[in-house]
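Colleague: Sharing a model prediction with you, sequence too.
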Amino acid sequence: MRTPVIEVRNLAKSFKVGKSRIKALREVNFSLYPGEFLIIYGPSGCGKSTLLNMLARLDNYDSGEVFIRGENLKGLDLVKHRRSSIGMVFQNFNLIPSLSVLDNVALPLTFSGVPKRERERRAAEILTTVGLKERMHYYPFDLSGGEQQRVAIARALVSNPWILLVDEPTGNLDEKSGWEVISLLSELNRKYKRTILLVTHNPAYFSVADRILYMKDGKIEKEDIVPDKMKYQPASGRPAILPYFIASKIRSHMRIKDVIKLAYKHFRFARSRSFLTVLGIVIGIAAIILLVSLGIGLEKITASRLADFTALQTINVSSTSQTAKLDKDAVEKIKKIENIKMVSPLINLVGSGTLMGTTTAVSVTGLVPSNLKFEQVEIVEGRTFSEDKALEAIVSKSALKSFAINDQDKVLNSQLGLELAVSEEKPPINLKLNVVGISGEKATPEIYVPISVLDKDTQGYYTSLDVQVFDRKKIRETKKQIEELGFETSSASELIDQVDKVFLIIQIVLGAIGAIGFFVASFGIVNTMTISLLERTREIGIMKALGISNRDIRRIFVFESMLFGLFGGIFGVSFGYLIGQGFNGLIHVLMQKSGEAEVLSPFVTPFKFALTVIFFSIAVAWAAGFYPAFRASRLSPLDALRHE
């Protein structure tokens, strides 16, 4: 005895309409056998389509049992059942307009995670079989009704299902197109042994069936067997269809790249709405970039006014203790500390100087000649020291003013006499030095000499050390290690840190102002995705009927929402950056025209900040799309299919 592909026992289903219940199915019993073409015939409203929906588990039945190849339908995985056990052909075609014909047919295989090349090859073979080889790269709206129904049949066949459930396939077609579809179904049954269950209210199609079940008021009233001599013989000549198809890889969920691609196709399909939504995000993101970049630029300008980059990486070390003295041993100890780049010893003495017949109070700094640049001693005329122990001096412009010297050219190579106080116990140092260079302006009348000139008279002790570090962020840690040696420390970076904190608050406030505009734009994403959900409710029903999982429905919606954030973030950051650079360029031109040598850039957009804003945009878009995605996944497939 043959085992039925479908066996229905006492199936019942009712619907609540108002305060009453209408019985759509009343104790329905029948079987469908492998390779059989079964027609369920009856007038509209008799329960035919409801019965098909129960077999596809698009809706639940009240009582009774359904067995698919001997297994109870209620115990089957519904997603796999819809995806591979059955192939659904709908009266309204139910093709997805944003997908090409090829992609529509390959959709059930896409839901199963079948690799792209494999599923497209299979879809192309099926389309060739149904006579649509030349139409596979068209879109549904480019096809006639008959062609669209053939696409729907190809889609139902693509995963090699056990049964085709066909619901009034000619209801929306003219007579000629209708017979072409029926002829195709008959050929699939006769030539390729496909098991088909067709519901129709048109008795003209009886000749294609093996059996006919007559249905009325939710009941199967009688059964007829169609004699062989009365059976319809379809025209031959179509290319052979693959009798079986076993995919190389089957997954319970879609591949992530297919989810993204499907989301992108719909994003691109609704171009006008997508453009307007992205535009709102672009404006919000551009506002954030502009305002925060302004805050960062102003911070950098202010910091540069307070100290240059070298000063920000410098720690000044001094000692007031008799036990912790600044000498060569101290220098060697500090050099061994991690993060130390350079140690520059200094001897600072005060006294009087005589130059070109004028005597005045001066401040003398002894330093290592190779550290002149580090100590910000810029030679504007003359040269640097010839050697470490040379009896030479560099005089600042401020010192020349104290000496009342206006002709700087006469100063070079002249003799400078210094009388410097070391301590009350020791006699002053008297030096005769040759002036070899002139440095820029300083706050005090500074004179610079090689440190070795003063070293012997100070017994190897230094007044202070300037310590340069590799990483400014580790200055606090480095200072602590130096202080543990018994020395006192200070750094310009402490002042800059305070400035940073103030400007951080300013940046947060400016960013918050811009973020308000962005969050307003994010409501546009929620609105767009909600409208998209309403527009695509039927499409969601189609995908659920074809076997997509709820998880993949959510992922498609979430990824589509994230595309708004991605494109809005990228274009918003680019737009904000370009506007900021435009303002910088305008300021440069105005400053040059006014004779200013320095060029200011009040808009500064760090790359990491721009990247962070893009990720922030994507994250907000993800959050905005989560609720519509959740609602989409919870839709009943049958209710979604009925949505207009």
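Modeller: Yes, it's here.

Colleague: Arg554 reaches Tyr627, doesn't it?
Modeller: No. With contacts counted by C-beta atoms under 8 Å, Arg554 stays clear of Tyr627, the gap being 10.6 Å. Where C-beta positions appear, they are placed from N, C-alpha and C, glycine not excepted.

Colleague: what's downstream of the helix or strand containing Gly585, the next helix or strand?
Modeller: Here Gly585 is covered by helix 550-593, with elements defined by DSSP states H and E. Once the chain leaves helix 550-593, the next helix or strand it forms, by DSSP H and E, is helix 607-634.

Colleague: so how many other residues sit close to Glu168?
Modeller: 20 (other C-beta atoms under 10 Å).

Colleague: Leu11 versus that one, what's the distance?
Modeller: 20 Å (C-beta to C-beta, to the nearest Å).

Colleague: quick revisit: between Arg554 and Tyr627, which has more neighbouring residues?
Modeller: Neighbours per residue, other C-beta under 10 Å: of Arg554 and Tyr627, the larger number sits with Arg554, 20 against 15.

Colleague: quick one: contacts for the more buried one?
Modeller: With contacts defined as C-beta atoms under 8 Å, 6 or more residues apart in numbering, Arg554 is in contact with Ala629, Phe630, Ala632, Ser633.

Colleague: give me that answer again for 6 Å
Modeller: Ala629, Ser633 (C-beta atoms under 6 Å, 6 or more residues apart in numbering).

Colleague: Repeat that for the one 4 residues further on.
Modeller: Contact analysis of Val558 by C-beta under 6 Å, 6+ apart lists Gly625, Ala629.

Colleague: And for the one 5 residues further on?
Modeller: Leu563 sits next to Phe267 when contact means C-beta under 6 Å, 6+ apart.

Colleague: repeat for Val364
Modeller: Here Val364 is in contact with Leu349, Leu420, Ile447 (C-beta under 6 Å, 6+ apart).

Colleague: 8 Å instead?
Modeller: Applying C-beta under 8 Å, 6+ apart to Val364 gives the contacts Asn348, Leu349, Val350, Gly351, Gly353, Leu418, Leu420, Glu446, Ile447, Tyr448, Val449, Leu454.

Colleague: Out of those residues, which end up buried?
Modeller: Leu349, Gly351, Gly353, Leu418, Leu420, Glu446, Ile447, Tyr448, Val449, Leu454 (16 or more other C-beta atoms under 10 Å).

Colleague: element containing the second one, please.
Modeller: Going back to what we said before, that points to Gly351. Going by DSSP H and E, Gly351 is in strand 340-355.

Colleague: Which neighbours in the sheet does that strand have, and how are they oriented?
Modeller: strand 358-367 (antiparallel), strand 415-420 (antiparallel), strand 464-469 (antiparallel) (DSSP bridges).

Colleague: May I see the ones you listed arranged in a markdown table, with distance to Lys19 and mean pLDDT as well?
Modeller: Below are the strands paired with strand 340-355 laid out as a markdown table (distance: least, C-beta to C-beta, whole Å; pLDDT from 0 to 100):
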| stretch | distance to Lys19 | mean pLDDT |
| --- | --- | --- |
| strand 358-367 | 100 | 92 |
| strand 415-420 | 111 | 92 |
| strand 464-469 | 83 | 91 |
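
Colleague: roughly how far apart are the nearest residue to Ala629 once chain neighbours are set aside and Leu58?
Modeller: For Ala629, ignoring the flanking residues on the chain, the nearest one in space by C-beta to C-beta, 6 or more residues apart in numbering is Phe557 at 3.5 Å. If you measure Phe557 against Leu58 using C-beta to C-beta, the figure is 21 Å.

Colleague: Compare the two (neighbour count), which wins?
Modeller: Between Phe557 and Leu58, counted using other C-beta under 10 Å, Phe557 has the larger neighbour count: 27 against 22.

Colleague: That one and Arg634 touch, don't they?
Modeller: No. Using C-beta under 8 Å, Phe557 is not in contact with Arg634, being 11.6 Å away.

Colleague: The residue lying closest to Gly417 once chain neighbours are set aside: neighbouring residues, count only.
Modeller: Once flanking residues are discounted, Gly417 sits nearest to Thr354: 4.1 Å by C-beta to C-beta, 6+ apart. As a burial measure, Thr354 scores 16 neighbours (other C-beta under 10 Å).

Colleague: Model confidence at Thr354, what's the number?
Modeller: pLDDT for Thr354: 92.

Colleague: For it, give the beta-bridge partners.
Modeller: Beta-bridge partners, per DSSP bridges, of Thr354: Thr359, Gly417.

Colleague: Might you report the residue contacts of it?
Modeller: Counted by C-beta under 8 Å, 6+ apart, Thr354 has contacts Leu416, Gly417, Leu418.

Colleague: With Ala209 instead?
Modeller: Here Ala209 is in contact with Phe37, Leu38, Ile39, Leu198, Val226 (C-beta under 8 Å, 6+ apart).

Colleague: what's in contact with stretch 215-230?
Modeller: With C-beta under 8 Å, 6+ apart as the test, stretch 215-230 has contacts from 13, 23-30, 40-43, 46-48, 50-51, 206-207, 209-214.

Colleague: no wait, stretch 369-381
Modeller: 308, 310-311, 342, 344, 346, 365, 367, 384-385, 387-388, 394, 397, 408-409, 412, 437-440, 448, 450, 466, 468.

Colleague: give me that answer again for 7 Å
Modeller: Stretch 369-381 is contacted by residues 310, 342, 344, 367, 384-385, 388, 394, 408, 412, 437-440, 448, 450, 466, 468 when judged by C-beta atoms under 7 Å, 6 or more residues apart in numbering.

Colleague: Now, those that are in strands?
Modeller: In strands, defined here by DSSP state E, the members of those are Met342, Ser344, Leu367, Ile394, Gly437, Ile438, Ser439, Tyr448, Pro450, Asp466, Gln468.

Colleague: hey, what's the third one bridged with?
Modeller: When bridges are assigned using DSSP bridges, the partners listed for Leu367 are Leu346, Pro450.

Colleague: what's the distance between it and Thr195?
Modeller: 97 Å.

Colleague: ranges for the strands of the stretch 401-550 of the chain?
Modeller: Applying DSSP state E, counting those that start in this stretch to the stretch 401-550 of the chain gives strands spanning 415-420, 429-439, 446-450, 464-469, 488-491.

Colleague: quick one: buried residues of stretch 416-432?
Modeller: Buried residues in stretch 416-432 (16+ other C-beta under 10 Å): Leu416, Leu418, Leu420, Val422, Ile429, Leu431.

Colleague: Can you report how many residues lie near the spatially closest residue to Phe141 that is not a sequence neighbour?
Modeller: Excluding its sequence neighbours, the residue lying closest to Phe141 (C-beta to C-beta, 6+ apart) is Pro97, at 6.1 Å. For Pro97, the count of nearby residues is 12 (other C-beta under 10 Å).

Colleague: On the three-state scheme, Pro97 is what?
Modeller: Assigned with DSSP: H, G, I helix; E, B strand; the rest coil, Pro97 falls in the coil class.

Colleague: For it, give its distance to Ser31.
Modeller: 38 Å.

Colleague: cool, and Tyr205?
Modeller: Distance from Tyr205 to Ser31, by C-beta to C-beta: 21 Å.

Colleague: Regarding Glu375, what are the backbone dihedral angles?
Modeller: For Glu375, the backbone dihedrals (degrees, to the nearest 10) come out as phi -80, psi 10.

Colleague: how much space between it and Asp329?
Modeller: Counting by C-beta to C-beta - Glu375 and Asp329 are separated by 22 Å.

Colleague: between these two, who's got more neighbours?
Modeller: Glu375 (16 against 10).

Colleague: Could you tell me what pLDDT the model assigned to that one?
Modeller: On the pLDDT scale, Glu375 gets 87.

Colleague: and it, how far is that from Asn584?
Modeller: In terms of C-beta to C-beta, Glu375 sits 32 Å off from Asn584.

Colleague: can you check Lys261 too?
Modeller: The separation that Lys261 has from Asn584, given C-beta to C-beta, amounts to 40 Å.

Colleague: per the record, what domains does the chain have?
Modeller: 6-251, 269-306+499-642, 314-470 (automatic domain parsing).
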